[in-house]
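>>> Build me a structure from this.
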Amino acid sequence: MVQSLESKQLADDELMRYARQVLLDGWDIDAQLRLKSSRVVIIGAGGLGCPASETLVRAGLGQTHLIDGDEIEASNLQRQTLFLPEDIGKPKALIAAEMLEKINPLISARGTVARLSEDNAYELLDMATGKPDLLLDCTDNFATRDIINRISVRYQIPLLSASAIAMQGQLALYEPHLNTGCYHCVFGSVAVDAEADERSCANSGVLASTTAIMGNLQANAALQYLGLTKNPLTNKLLIWDGRQMQQRLMGYRQDVHCPVCASLSP
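Numbering: from 1, shown residues only. I've put the predicted structure just below:
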C-alpha cells in the first residue's frame, strides 16, 4: 500500500473538485492525498476497465496506466463507456487514456497497446521506477487472469481482480506480500483450464449493467485500499448475482500446496 504522501496539500482546484469526497466520514485530506500519490496499472480497457478507471480518475487517482492490445469494435459500445462510435477501429488503451484525461485534467493517464505477459511485465509495469501500488485485472478470460496473478505474486504487487459475464460477477483483492492466498488458491486448475477459458463476454454475452456494477465495485475496493489503506475483501471473494439481485461473500485461505504462491511463503 501507499506508505507516504507525495504532496502535503491539495491545490484549490483539487479541493473544489473533491469537496464532496473529503467531507465523508472516514475519508479526509490525507486519504485524498494518498489517492493522488498512487499509481495503478489496469490490465484491460474494456467492459470492466472503462467504469473502474473512470470512477477512480473522477475520484482523484493520481496515475493511471491502461494496458490493452485490442481495438474498439462496434459491439463494445454497449458497455465500454469511454468509447464513442467514431472511435471504432482505434486502440482501446490509447482512447481510454485520452478520455480519462479529458474527464479529469488534474490526473495523469496513459495507455499502452500491448498484451501483458510474464516476459514483458517488468517493462510494461515500469518496475524500474518502482512497483505500482495496485494492479486491476479487468480482463475476460481465465488464462490471462492466471498470468496476471503470477505477475502479482512474482513482484509482490496487490491484485484486485474482477470478472463479469452474463448477469454475474466476482471480485477479490489479493495481497501476496501478506501470504493470504492468490487467484490460483481460489480457482485452482480452472484458472488454466482450456475449456473453461473459452467462456468470455464475446461468446457468452454480458448485460451492460453487469460490467458497470462490477467495475464500480472494483473501483470502490481500490479507493478504500489506496485512500484508507484498508482491504475490504481480506480473504473474501465477493459474488454478485444480478438476476437474483443478491450479493454474498465467500471466505478463502491460502492453499499450502499452491504452485503459484505457496513456495514464497516463509
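>>> Show me where this structure has its helices.
Per DSSP state H, the chain carries helices over the ranges 12-17, 19-22, 29-36, 49-59, 92-103, 121-124, 142-155, 183-187, 194-197, 201-204, 208-228.
>>> okay, those helices in CSV with distance to residue 260 and mean pLDDT next?
To be clear about C-beta, it is placed using only N, CA and C from the backbone, and glycine gets the same treatment. Listed next are the helices of the chain as CSV, based on distance: least, CB to CB, whole Å; pLDDT from 0 to 100:
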stretch, distance to residue 260, mean pLDDT
helix 12-17, 39, 97
helix 19-22, 36, 96
helix 29-36, 29, 97
helix 49-59, 23, 98
helix 92-103, 26, 98
helix 121-124, 14, 97
helix 142-155, 5, 96
helix 183-187, 4, 95
helix 194-197, 17, 48
helix 201-204, 25, 64
helix 208-228, 21, 98
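>>> Tell me which of the ones you listed lies nearest to residue 254.
Nearest of the helices of the chain to residue 254, taken as CB to CB: helix 183-187 at 5.5 Å.
>>> What helices and strands are in contact with that closest one?
helix 142-155, strand 168-174 (3 or more CB pairs under 8 Å, 6 or more residues apart in numbering; DSSP states H and E).
>>> which residues does the residue most central in space within the chain contact?
Computing the C-alpha centroid of the chain and ranking residues by CA atoms, centre = their mean puts residue 136 first, at 2.1 Å. Residues near residue 136 by CB atoms under 8 Å, 6 or more residues apart in numbering: 40-44, 49, 52-53, 160-162, 218, 222.
>>> hang on, the earlier thing: between the helices of the chain, which gets nearest to residue 250?
Residue 250 sits nearest to helix 183-187 of all the helices of the chain, at 8.7 Å, using CB to CB.
>>> how distant is the closest one from the center of its chain?
17 Å (CA atoms, centre = their mean, to the nearest Å).
>>> Give me the contact list for it.
137, 142, 145-146, 148-149, 152, 159, 161, 172, 174, 191, 237, 252-255, 258-261.
>>> Could you do stretch 215-226 as well?
1-2, 34-35, 38, 40, 47-53, 55-56, 59, 61, 133-134, 136, 138, 158, 160, 162, 164, 169, 171, 173, 230-233, 238, 240.
>>> Buried ones among the residues you listed?
Listed as buried from these are 2, 34-35, 38, 40, 47-53, 55-56, 59, 61, 133-134, 136, 138, 158, 160, 162, 164, 169, 171, 173, 231, 233, 238, 240; burial here means 16 or more other CB atoms under 10 Å.
>>> picking up where we left off before, most tightly surrounded among the helices and strands packed on helix 183-187?
Highest mean neighbour count among the helices and strands packed on helix 183-187 (mean count of other CB atoms under 10 Å): strand 168-174, with a mean of 24.
>>> can you list the residues that contact that strand?
Contacts of strand 168-174 (CB under 8 Å, 6+ apart): 149, 152, 158-163, 180-183, 186, 210, 213-214, 217-218, 221, 225, 231-234, 236-243, 252.
>>> go on, stretch 233-246?
In contact with stretch 233-246 (CB under 8 Å, 6+ apart) are residues 167-173, 175, 180-181, 186, 207, 209-210, 213-214, 217, 221, 247-253.
>>> re the thing from before, just flag the most distant two among the contacts of residue 136.
Between all members of these, the farthest pair (by CB to CB) comes out as 53 and 161, at 15.2 Å.
>>> where's the residue nearest to residue 81 when sequence neighbours are not counted relative to residue 93, distance?
Of all residues not flanking residue 81 in the chain, residue 50 sits nearest, at 4.6 Å (CB to CB, 6 or more residues apart in numbering). Using CB to CB, to the nearest Å, residue 50 is found at 11 Å from residue 93.
>>> In contact with residue 55: list those residues for me.
215, 216, 219, 220, 223.
>>> Check the spacing between it and residue 62 real quick.
As for residue 55, its distance to residue 62 is 15 Å (criterion: CB to CB).
>>> re the thing from before, pull out the buried members of the contacts of stretch 233-246.
For those, a neighbour count by 16+ other CB under 10 Å gives the buried set as 167-173, 175, 180-181, 186, 207, 210, 213-214, 217, 221, 252.
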